[in-house]
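*Asks:* please work out how this folds:
(chains A and B)
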Amino acid sequence: MTPQIRAALRNALRTGLILFVFSLIGTAMLAFTHDRTEPTIARSQQAEKLALINQVLPAALYDNDLLASQQSAPPDALLGTRKPSTIWIARRGGAVSGVVLEAVAPDGYSGDIALLVGIDIDGNVTGVRVTAHRETPGLGDYIDRAKSAWIDQFAGKSLTAPPPRHWKVAKDGGVFDARAGATITPRAVVKAVKSALDYFARHRAALVATPEPGVQP
Amino acid sequence: MITATEFRSLFHNGLVKQNTGLVQLLGLCPLLAISNNVINALSLGLATVLVMAASSGAVSGVRHFVPNEIRIPVFVLIIAALVTVIDLAMNAFVHPLYLVLGIFIPLITTNCIVLARADAFAAKNHPLHSVVDAIAMGLGLTLVLVVLGAIRELAGQGTLLSGIDLVFGEDAKQFVLHLLPGYQGFLLAILPPGAFIALGLLIAANNWNKARAEQRARAAVPVAA
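*Replies:* Below is the predicted model of the structure:
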């Protein structure tokens, strides 16, 4: 081994070691912060989720721990989901009083619109909220409750009132308002909410029969 | 220590002479993505200032231990770790603010101006100077962001400060300025092309201003012969 090669080798080892020490410090920093913040972050995420659920399901409708009641639903064409989604089951006095479904409107103007749909045991919509969307700002984003109250018109609707053929935006002969110039977005939302109701109608028996967590049947 | 002259020159550099948005044209990805209204622009700008100050300070602090060959990976490592720490800490301890700024924090890692200042300035200077430089550069970026946001928001929807309630709570809604009542909106300004057009106009205005100042300076010097 010539002295040059030995020097180069030593240099390479030294820089490698320094890089290693820096990655070690970085990893330690991240691990420490993650460890310190994880419980707080998990708590606020749960609170956030519950706050959102409370917007689609009146608090008077349930007395159980909703977050503990969640179960997973396989991907379903009626829900528009391509991944397993979550269903929260509301109970009052032990009996199922409603559900909150995660649904997706896959045919928005620019991609998926993620929805949270609350439905009571009789199949009436208790509320709908958009949880994620990429619709055009200032044009299609009025479906977001933070921008307008448009989404409130679903409350109280069911598959019988209005009848299925009227589950459309006004422009297509239905009962739901839509703003001129942006009908693709509301059309997708109306369709997705109706499909969520269809899903509930089809799975109602199974959902109602779900055993209460922690209670022996 | 830092002298007043150095301090002034660092700020002049960051805000005017080497402004990242108008002169260096660095960090355009978040600049164009977030400048569709004033509040978004201001929020991203301030978050960037925070990240830049922290990373430049840290890079400058370890500059004597980093061999030249691996300085870039080490700086990237430091910046990425710091951004993640800030992201987690904000999520845990100032959650309402995180809900507003949260989506911008990962965007900051894509901002090459953070690495650019770490490598071009912090790696060669004292930590105090580096932090001041980072703050000045960040504020320069914030300034351009806010002006761009104001232009796009006003042209796009006729308001200023819309969305302020997301940062300061429901009560702040009264501060939203509806400057053009009954305005129909101009969608192009809010969409990405509007960002390019408005930034182009800003750069043109800045260059024109500079050219005029130079001309005046030349005219002031008596021409010999």
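*Asks:* scan chain B for its longest helix.
*Replies:* When chain B is parsed with DSSP state H, its longest helix is helix B:127-157.
*Asks:* and it, what does it pack against?
*Replies:* Contact analysis of helix B:127-157 by 3 or more C-beta pairs under 8 Å, 6 or more residues apart in numbering or on different chains; DSSP states H and E lists helix B:4-12, helix B:28-34, helix B:38-61, helix B:112-120, strand B:159-160, helix B:187-190, helix B:192-220 as its packing neighbours. Quick note: C-beta positions are derived from backbone N, CA and C, even for glycine.
*Asks:* what's A:L78 in contact with, if anything?
*Replies:* Shown in contact with A:L78 (C-beta atoms under 8 Å, 6 or more residues apart in numbering or on different chains): A:S195, A:A196, A:D198, A:Y199, A:R202.
*Asks:* give me whichever of the helices and strands packed on helix B:127-157 is most buried.
*Replies:* With neighbours taken as mean count of other C-beta atoms under 10 Å in any protein chain shown, the helices and strands packed on helix B:127-157 reach their highest mean count in helix B:38-61, at a mean of 23.
*Asks:* helices or strands up against that helix?
*Replies:* helix B:28-34, helix B:71-93, helix B:95-101, helix B:104-109, helix B:112-120, helix B:127-157, helix B:164-168.
*Asks:* can you redo those as a markdown table with mean pLDDT and distance to A:L78?
*Replies:* Putting the helices and strands packed on helix B:38-61 into a markdown table (pLDDT from 0 to 100; distance: least, C-beta to C-beta, whole Å) gives the following:
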| stretch | mean pLDDT | distance to A:L78 |
| --- | --- | --- |
| helix B:28-34 | 76 | 35 |
| helix B:71-93 | 88 | 34 |
| helix B:95-101 | 73 | 31 |
| helix B:104-109 | 75 | 34 |
| helix B:112-120 | 86 | 45 |
| helix B:127-157 | 89 | 36 |
| helix B:164-168 | 69 | 34 |
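*Asks:* pull out the buried positions in whatever helix or strand A:A201 lives in.
*Replies:* Here A:A201, judged by DSSP states H and E, is contained in helix A:184-208. By neighbour count on 16 or more other C-beta atoms under 10 Å in any protein chain shown, the buried set for helix A:184-208 is A:184-200, A:203-204, A:207.
*Asks:* show me what contacts A:Q153?
*Replies:* A:F176, A:D177.
*Asks:* just put the helices and strands packed on helix B:127-157 in JSON lines and tack on distance to A:R129.
*Replies:* Formatted as JSON lines, the helices and strands packed on helix B:127-157 follow (distance: least, C-beta to C-beta, whole Å):
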{"stretch": "helix B:4-12", "distance to A:R129": "45"}
{"stretch": "helix B:28-34", "distance to A:R129": "25"}
{"stretch": "helix B:38-61", "distance to A:R129": "22"}
{"stretch": "helix B:112-120", "distance to A:R129": "36"}
{"stretch": "strand B:159-160", "distance to A:R129": "24"}
{"stretch": "helix B:187-190", "distance to A:R129": "23"}
{"stretch": "helix B:192-220", "distance to A:R129": "27"}
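*Asks:* out of these, which comes closest to A:P211?
*Replies:* helix B:38-61 (46.2 Å; C-beta to C-beta).
*Asks:* so which bits of chain A are right by chain B?
*Replies:* With C-beta under 8 Å from any C-beta of the partner chain as the criterion, chain A meets chain B at residues A:14-15, A:18-19, A:22-23, A:26, A:29-30, A:33-34, A:36-37, A:40-41, A:44, A:136-139, A:146.
*Asks:* how is chain A carved up into domains?
*Replies:* A:1-56, A:59-208 (automatic domain parsing).
*Asks:* so which of those gets nearest B:I135?
*Replies:* domain A:1-56 (22.4 Å).
*Asks:* average pLDDT for stretch A:177-197?
*Replies:* For stretch A:177-197, the mean per-residue pLDDT is 89.
*Asks:* which ones are touching B:A150?
*Replies:* Contacts of B:A150 (C-beta under 8 Å, 6+ apart): B:V38, B:A41, B:L160.
*Asks:* what does B:V147 give?
*Replies:* Contacts of B:V147 by C-beta under 8 Å, 6+ apart are B:L202.
*Asks:* before we move on, the earlier item: out of the contacts of B:A150, flag the one nearest to B:A205.
*Replies:* Out of the contacts of B:A150, the member with the shortest distance to B:A205 (by C-beta to C-beta) is B:A41, at 17.6 Å.
*Asks:* what distance do you get for the residue most central in space within chain B to B:I190?
*Replies:* Closest residue to the average C-alpha location of chain B: B:L141 at 2.4 Å, with C-alpha atoms, centre = their mean. Distance, B:L141 to B:I190, using C-beta to C-beta, to the nearest Å: 21 Å.
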